[in-house]
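J.: mind looking at a prediction? Sequence and model below.
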Amino acid sequence: MPVHYDVLIIGAGMSGLGAGIRLAHYGRKVCILDRHYLWGGLNSFYRLKGYRFDVGLHAMTNFVPRGTRNAPLTKLLRQLRIDYDELDLRPQLMSATWFPGKRLRFSNDFALFESEVAEQFPAQADAFRRLVRHVMEYDALNLATPEFSAREVVAGFLTDPLLIEMLFCPLFFYGSAVENDMDFGQFVIMFKSIYCEGLARPTEGVRRVLRVLMEKYKGLGGELRMKSGVKRLSVAGTKVTEVVLDSGETLTADTVFSSAGYPETLELLSDYEPGSEGATHGQLSFVESIDVLTKEPRDLGYEFTIQFFSTTEKFHYQKPQELVDVRSGVICCPNNFRYDRPLDDNLMRVTSLANYDLWAALPPEEYHEAKTRWHRLVLDEVVRIVPDFRPFVKFTDIFTPTTVRKFTGHVNGAVYGSPVKFKTGRTHLDNLFLCGTDQGMLGIVGALLSGISMANMHVLQQA
């Protein structure tokens with residue numbers, strides 16, 4: 001007889017772990033399945049040539065000081081019964097958005113960002129304050145609210161095209177699955193998480209967060225099965241009746257959560273038919289380089305934690321026509337958070353939009369050459385904005401959209417999943433629910449809250 005669980009969770013990323021911990025707290029028999037050997041999904045880690053790197057994590061958004069009431073970070077820690085200090089969060093020094101001729105700085109003090117907008121765009125200061133009031137009053141967590149264009153809403157307040165582009169740039173890069181726009185509810189969530197709350201990083205990087213989550217989950221009796229990919233979800237009537245693993249083993253469960261993405265989950269169903277309504281694959285992916293330096297970035301005169309940039313006044317957030325779009329990106333310096341001690345390595349990370357189809361079509365020898373060539377072209381743009389760190393690079397690692405596809409299963413290497421989101425997590429089957437990216441929550445805090453809220457809504461409250 002197949003082993004039976006109360007809940008099976010597909011994917012050991014943040015949302016899967018959040019759901020697993022929440023359910024295990026209440027005595028549910030839970031098992032998390034993942035095809036890979038290491039947990040974390042889009043936010044994992046690896047070691048290469050003696051260096052330790054994070055995957056995905058530039059910074060945790062939604063940072064607030066201990067004891068801040070009604071903040072997303074505070075809520076998830078309470079729901080998971082994790083102490084604030086366990087995450088060892090270190091706030092950013094200073095971040096910015098850079099466009100030709102303009103730089104808007106922001107930190108974990110929203111007053112700085114508000115003053116920067118007023119100084120750089122004085123004619124827009126009052127309109128910006130009205131937009132902020134609208135953002136703060138908007139209930140973005142109401143799952144019944146229909147989606148509508150953030151650009152249209154923002155254009156109803158602001159009239160300066162450059163300010164609008166600069167405002168959207170960090171929000172797009174950190175959370176939009178839609179080309180050149182996003183749902184206004186998502187805009188509100190990202191605006192608050194980046195500008196109003198802020199950025200932080202554990203001293204040890206994402207390893208710290210994952211260790212805390214894993215210890216909590218296993219300590220509650222949760223089961224984790226790595227290298228256990230799901231091959232098929234058998235369907236009978238309106239329910240998933242069996243979960244068939246790549247090994248051929250069969251498991252059963254009262255409820256199944258999937259963090260694999262909506263279209264990717266549909267394709268696992270035994271009765272899947274191509275062209276299912278809403279099964280839209282995302283197109284937005286990235287290439288990222290991690291450069292290890294012989295010097296601390298601050299010794300080179302670089303003080304920023306993260307800079308979002310566009311070398312053109314019109315920001316193009318869309319699938320590039322070439323392998324990489326060098327016109328924009330994210331420059332992250334993991335060393336420039338408020339640590340008690342220096343990091344072991346000096347790192348600079350640069351992320352740019354990339355075209356999955358073109359990368360996937362390259363033969364192996366051309367693929368490796370293309371990584372080196374595009375890394376050089378990207379840095380040619382980056383050193384217009386930051387001190388030239390290229391003479392101090394001693395090691396580089398690069399991932400592309402095909403890397404994302406390999407380790408997450410997201411079709412097209414789409415980091416933020418499908419442009420179509422399902423806020424309630426419901427699918428057409430009575431016992432199959434989404435959590436994570438395609439439920440609509442992003443980032444570490446958002447993903448954890450997604451898993452928690454779906455566990456509460458579809459299992460615990462039903463009891």
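T.: Okay, I see it.
J.: for stretch 418-433, list every residue counted as buried.
T.: Using 16 or more other Cβ atoms under 10 Å as the test for burial, stretch 418-433 gives 418-423, 425-427, 429, 431-433. Any C-beta I mention is one placed from the backbone N, CA and C, and that applies to glycine too.
J.: and the helices in this protein?
T.: 14-25, 72-80, 110-120, 125-137, 150-155, 161-173, 184-191, 206-219, 262-266, 356-360, 364-382, 401-408, 443-455 (DSSP state H).
J.: could you tell me the least trusted of these?
T.: Of all these, the minimum mean pLDDT falls on helix 401-408 (a mean of 90).
J.: and it, what does it pack onto?
T.: strand 285-293, helix 356-360 (3 or more Cβ pairs under 8 Å, 6 or more residues apart in numbering; DSSP states H and E).
J.: mind running it again at 10 Å?
T.: strand 285-293, strand 346-354, helix 356-360 (3 or more Cβ pairs under 10 Å, 6 or more residues apart in numbering; DSSP states H and E).
J.: okay if I get the ones you listed as CSV plus distance to T68?
T.: As requested, these are arranged in CSV below (distance: least, Cβ to Cβ, whole Å):
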stretch, distance to T68
strand 285-293, 31
strand 346-354, 28
helix 356-360, 39
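J.: would you list those in TSV and tack on distance to C332 and mean neighbour count?
T.: As requested, those are arranged in TSV below (distance: least, Cβ to Cβ, whole Å; neighbours: other Cβ atoms under 10 Å):
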stretch	distance to C332	mean neighbour count
strand 285-293	9	23
strand 346-354	4	23
helix 356-360	21	18
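J.: among those, which is nearest M226?
T.: Smallest distance to M226 across the helices and strands packed on helix 401-408 (Cβ to Cβ): 24.1 Å, for strand 285-293.
J.: tell me the angle that closest one makes with helix 161-173.
T.: Interaxial angle, strand 285-293 versus helix 161-173 (axes from the mean of the first three to the mean of the last three Cα atoms, to 10 degrees): 90 degrees.
J.: got the CA coordinates for strand 285-293 in PDB?
T.: The C-alpha coordinates for strand 285-293 follow below in PDB (Å, rounded to 0.1, in the frame of the first residue of the first chain):
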ATOM      1  CA  SER A 285      14.500  35.300 -17.000                       C
ATOM      2  CA  PHE A 286      18.000  36.500 -16.000                       C
ATOM      3  CA  VAL A 287      21.700  36.000 -16.300                       C
ATOM      4  CA  GLU A 288      23.800  36.700 -13.200                       C
ATOM      5  CA  SER A 289      27.500  37.000 -12.600                       C
ATOM      6  CA  ILE A 290      29.200  36.700  -9.200                       C
ATOM      7  CA  ASP A 291      32.600  38.200  -9.100                       C
ATOM      8  CA  VAL A 292      35.000  37.500  -6.200                       C
ATOM      9  CA  LEU A 293      37.400  40.400  -5.700                       C
END
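J.: circling back to that earlier point, who wins for proximity to L104 among the helices and strands packed on helix 401-408?
T.: Relative to L104, the nearest member of the helices and strands packed on helix 401-408 by Cβ to Cβ is strand 346-354, separated by 18.9 Å.
J.: mean confidence for the closest one?
T.: Throughout strand 346-354, pLDDT has a mean value of 97.
J.: and it, what does it pack onto?
T.: For strand 346-354, where contacts count as 3+ Cβ pairs under 10 Å, 6+ apart, the packed elements are strand 51-54, helix 161-173, strand 285-293, strand 306-310, strand 328-332, helix 364-382, strand 393-399, helix 401-408.
J.: what do you get if the cut-off is 8 Å, keeping everything else the same?
T.: Under the contact criterion of 3+ Cβ pairs under 8 Å, 6+ apart, strand 346-354 touches strand 285-293, strand 328-332, helix 364-382.
J.: P161 is nearest to which of those?
T.: Per Cβ to Cβ, nearest to P161 of the helices and strands packed on strand 346-354: strand 328-332, 15.6 Å.
J.: give me the mean pLDDT for the closest one.
T.: Computed over strand 328-332, the average pLDDT equals 98.
J.: tell me which residues of that strand are tucked away?
T.: For strand 328-332, by 16+ other Cβ under 10 Å, it's 328-332.
J.: chain center to that strand, what's the gap?
T.: Distance of strand 328-332 from its chain centroid, counting by Cα atoms, centre = their mean, to the nearest Å, is 15 Å.
J.: contacting residues around it?
T.: Applying Cβ atoms under 8 Å, 6 or more residues apart in numbering, the contact partners of strand 328-332 are 58-59, 169, 173, 304-312, 315-317, 348-353, 378, 381-382, 385-386.
J.: and the angle from it to helix 161-173?
T.: Angle of strand 328-332 versus helix 161-173, following the same axes, to 10 degrees, is 60 degrees.
J.: only C-alpha atoms, please: export strand 328-332 in CSV.
T.: The C-alpha coordinates for strand 328-332 follow below in CSV (Å, rounded to 0.1, in the frame of the first residue of the first chain):
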residue,chain,number,x,y,z
SER,A,328,19.6,47.6,-17.3
GLY,A,329,20.2,45.4,-14.3
VAL,A,330,20.8,45.0,-10.6
ILE,A,331,24.2,45.5,-9.0
CYS,A,332,24.4,43.9,-5.6
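J.: torsion angles phi and psi at G425?
T.: Per-residue torsions, G425: phi 80, psi 0 (degrees, to the nearest 10).
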